[in-house]
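Trainee: Quick check, what structure comes out for this input:
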Amino acid sequence: MTNPLLADWTGPFALPPFAAIGDGDFAPAFDAALTEARTNIARIAANAEPPTFANTIEAMEQAETLLDRVSGVFYNLSSADSTPAREALMRDLAPKMAAFSSEVTMNKALFQRIDTLWQGHEALDLTPEQLRVLDLYHKMFVRAGAALDGAEAQRMAAIRERLAVLSTAFSQNLLADERDWFRPLSEEDLEGLPDFVVEAAREAGRERGQDGPVLTLNRSLIVPFLQFSPKRELREIAYEAWGARGANGGETDNRANAAEILKLREERAHLLGFPNFAAFKLDDEMAKTPTQVRDLLMQVWAPARRKAEADAETLTRMMHEDGVNGDLEAWDWRYYSEKRRVAEFDFDESLLKPYLSLDAMIGAAFDTAHRLFGLEFRELDGPFYHPDVRGWEVTRKGAHVAVFLGDYFARGSKRSGAWCSAMRSQKKLGGETHAIVVNVCNFTKGNPSLLSYDDARTLFHEFGHALHQMLSDVTYQFISGTSVSRDFVELPSQLYEHWLEVPEVLQRHARHWKTGEPMPQALLDKLLAAQTYDQGFSTVEYVASALVDLDFHDGPAPKDPMARQAEILKSIGMPHAIRMRHATPHFSHIFSGDGYSSGYYSYMWSEVMDADAFAAFEERGDAFDPETAEKLEKFILSAGGSRPADELWLAFRGKKPGIEALLKGRGLLETA
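Mentor: Numbers count the residues shown, from 1 in each chain. Below is the predicted model:
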């Protein structure tokens with residue numbers, strides 16, 4: 001029987017034949033795909049003809065087509081719908097894929113061909129896009145160690161393999177801790193909780209085969225529990241369990257993994273001639289240097305910390321008035337902050353949820369994309385890779401643009417958080433290829449599923465990433481969609497969040513799930529008035545994580561990351577009742593791969609731009625201004641990595657962004 005991963009995909013839009021793919025198909029498919037890729041790469045490297053862009057770069061672009069296809073399915077499933085078989089294969093594949101990557105990027109003959117083209121690029125008749133791709137390929141090979149020889153080259157390859165193993169282990173340990181922990185809740189434990197939290201706990205219990213409600217480490221359950229539960233001892237249990245992920249001792253403890261990852265990254269940077277890993281990583285980003293990053297973060301840290309300290313005093317007084325003595329603790333903050341929100345703004349966030357059904361917010365995201373970019377969405381029949389997944393064909397003026405998949409609900413087989421990935425990226429080389437894009441979230445399932453405002457913001461955020469993939473219009477996959485600088489990639493996603501705050505979007509789409517009535521204007525006004533509420537807290541927990549990430553990589557690798565984390569937090573004056581958003585043992589952004597290592601600051605860097613980008617619409621007096629939307633698509637969303645990020649930004653906005661819009665947007669400007 002033909003392996004469905006290796007056969008032609010002849011179904012609608014060439015979607016993967018999900019129903020036909022079994023766990024046993026992946027290993028032989030990877031073997032076949034790696035063999036084919038190695039053969040193709042060897043042929044390019046051994047080509048006796050002088051190197052040309054076509055016989056070298058374009059040939060490489062197409063050398064791993066089958067491997068890309070198999071990987072696109074497997075790696076999405078391994079994160080969104082893991083099984084023991086997939087986890088085992090992930091552990092087996094990690095060193096194999098890293099070894100293959102080293103074989104390619106450290107192939108001397110291949111690098112010689114690329115270097116010859118790069119050195120003589122002025123004599124080549126290349127388009128600007130081709131010149132950009134050539135430059136990026138050359139840079140990728142150099143940064144991977146192609147210029148190293150002998151023992152140094154061997155050591156670099158060994159480091160990359162070991163890092164792949166450690167990163168996979170880090171991810172799987174975190175998934176295991178999140179999947180395995182739960183606490184049964186009695187009827188007494190449920191007292192004081194809004195109905196939606198109670199129903200979410202009951203649904204979590206059903207999913208885990210329990211007779212009653214349970215508390216789990218799903219963010220969409222644990223955060224509202226911390227907001228609304230009057231049971232302080234239960235809040236402490238929940239918060240400490242959430243914070244202890246990856247640090248529980250035993251097989252799933254990530255502390256040793258984190259220490260070894262940091263040590264190996266430092267060695268890798270030294271082999272390439274950089275003083276530390278942050279200098280290496282940031283050399284290829286918009287920020288360029290650790291100093292630039294630290295300057296930005298500290299400009300935000302100072303007013304945010306002052307605001308958080310003032311808020312902590314207010315919350316402590318409220319707690320004491322509640323008859324609770326002692327210090328305000330981390331598990332108290334959200335509870336008393338929610339009570340304060342109700343008191344100061346007459347705004348109870350639990351009243352929002354009936355108006356924020358998942359279907360309504362999907363509709364809001366789609367309608368916004370239609371009004372900005374003319375996109376249409378037609379729901380497709382499955383099956384997809386899980387019964388919870390929904391799919392849509394995306395068109396414009398009747399022409400196919402992409403396929404969008406939404407995997408919105410939490411489950412034990414899915415890692416925490418939210419993300420966007422491409423099962424297939426847009427490209428034109430070898431024929432027009434349209435993207436298959438997946439948004440993965442961890443919302444609580446219900447009938448219907450009702451979102452918090454933070455959940456709705458997450459949905460818009462991830463859909464902004466999806467638009468970056470779906471509207472991509474480039475020739476080469478290497479620069480397609482989100483293949484941009486790490487500190488630029490969050491611009492489309494964070495910018496898209498702004499449309500959730502546009503009053504007419506909520507007026508059109510925030511409707512009561514039972515009655516269909518629009519959100520009352522008074523409630524909408526209170527929501528918008530409270531947009532900057534508690535920004536001291538959220539900014540402090542984020543910036544602290546970004547500063548720890550930067551410090552870990554900007555200097556000698558700490559032998560004991562947990563001790564170093566404590567030193568950093570003490571040195572910056574971390575408020576007692578606020579903890580890092582991501583403590584080291586579960587900081588998957590920086591340890592589950594290299595993606596955001598030395599780069600967690602990227603969200604803040606992009607926020608400086610997204611605040612200024614949305615101001616471009618506001619300056620025209622229309623959040624859906626057609627001319628500005630056209631420029632946004634032309635220079636940001638469709639361009640991928642076809643030009644350096646700072647050039648794309650200037651082409652769109654015409655000026656560099658300033659930090660004032662960010663501080664104003666977070667309500668911190670007046671305290672700066």
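Trainee: Please count neighbours and contacts with C-alpha atoms only from this point.
Mentor: Will do.
Trainee: how far away is I568 from L163?
Mentor: As judged by Cα to Cα, to the nearest Å, I568 and L163 stand 25 Å apart.
Trainee: same thing with F228?
Mentor: 41 Å.
Trainee: can I have stretch 405-421 written out in PDB, keeping just the CAs?
Mentor: This file holds the C-alpha atoms of stretch 405-421, laid out as PDB (Å, rounded to 0.1, in the frame of the first residue of the first chain):
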ATOM      1  CA  LEU A 405      -7.300  25.800   9.400                       C
ATOM      2  CA  GLY A 406      -8.500  26.700  12.900                       C
ATOM      3  CA  ASP A 407      -7.700  24.400  15.800                       C
ATOM      4  CA  TYR A 408      -9.100  26.300  18.700                       C
ATOM      5  CA  PHE A 409      -9.700  24.100  21.700                       C
ATOM      6  CA  ALA A 410      -7.500  22.900  24.500                       C
ATOM      7  CA  ARG A 411      -6.800  19.100  24.800                       C
ATOM      8  CA  GLY A 412      -4.300  17.000  26.600                       C
ATOM      9  CA  SER A 413      -2.400  16.200  23.400                       C
ATOM     10  CA  LYS A 414      -1.800  19.800  22.600                       C
ATOM     11  CA  ARG A 415       1.100  21.900  24.000                       C
ATOM     12  CA  SER A 416       0.000  25.100  25.800                       C
ATOM     13  CA  GLY A 417      -0.100  28.500  24.300                       C
ATOM     14  CA  ALA A 418      -1.200  29.700  20.800                       C
ATOM     15  CA  TRP A 419       0.700  29.700  17.500                       C
ATOM     16  CA  CYS A 420       0.500  29.900  13.800                       C
ATOM     17  CA  SER A 421       2.200  27.500  11.500                       C
END
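Trainee: buried sites along stretch 293-309?
Mentor: By neighbour count with 16 or more other Cα atoms under 10 Å, stretch 293-309 contains the buried residues 293-294, 296-297, 300-309.
Trainee: ah, wrong one, I meant stretch 281-288
Mentor: Neighbour-count burial for stretch 281-288 [16+ other Cα under 10 Å]: 281-282, 284-287.
Trainee: out of the buried residues of stretch 293-309, who's nearest G430?
Mentor: V293 (39.9 Å; Cα to Cα).
Trainee: Verify the stated contact: that closest one with Y601.
Mentor: Yes. V293 lies in contact with Y601 (Cα atoms under 8 Å); the separation is 7.0 Å.
Trainee: So which of the buried residues of stretch 293-309 are in helices?
Mentor: 293-294, 296-297, 300-309 (DSSP state H).
Trainee: could those go into TSV alongside distance to N257?
Mentor: Below are those laid out as TSV (distance: Cα to Cα, whole Å):
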residue	distance to N257
V293	26
R294	26
L296	29
L297	27
V300	31
W301	29
A302	32
P303	34
A304	32
R305	31
R306	35
K307	35
A308	33
E309	34
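Trainee: Would you mind listing the two of the residues you listed that lie farthest apart?
Mentor: V293 and E309 (23.8 Å).
Trainee: picking up where we left off before, format the buried residues of stretch 293-309 as TSV; extra columns: distance to E329 and pLDDT.
Mentor: Formatted as TSV, the buried residues of stretch 293-309 follow (distance: Cα to Cα, whole Å; pLDDT from 0 to 100):
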residue	distance to E329	pLDDT
V293	30	96
R294	28	96
L296	28	94
L297	25	96
V300	23	95
W301	21	96
A302	21	95
P303	21	95
A304	18	96
R305	16	97
R306	18	96
K307	17	96
A308	13	97
E309	13	98
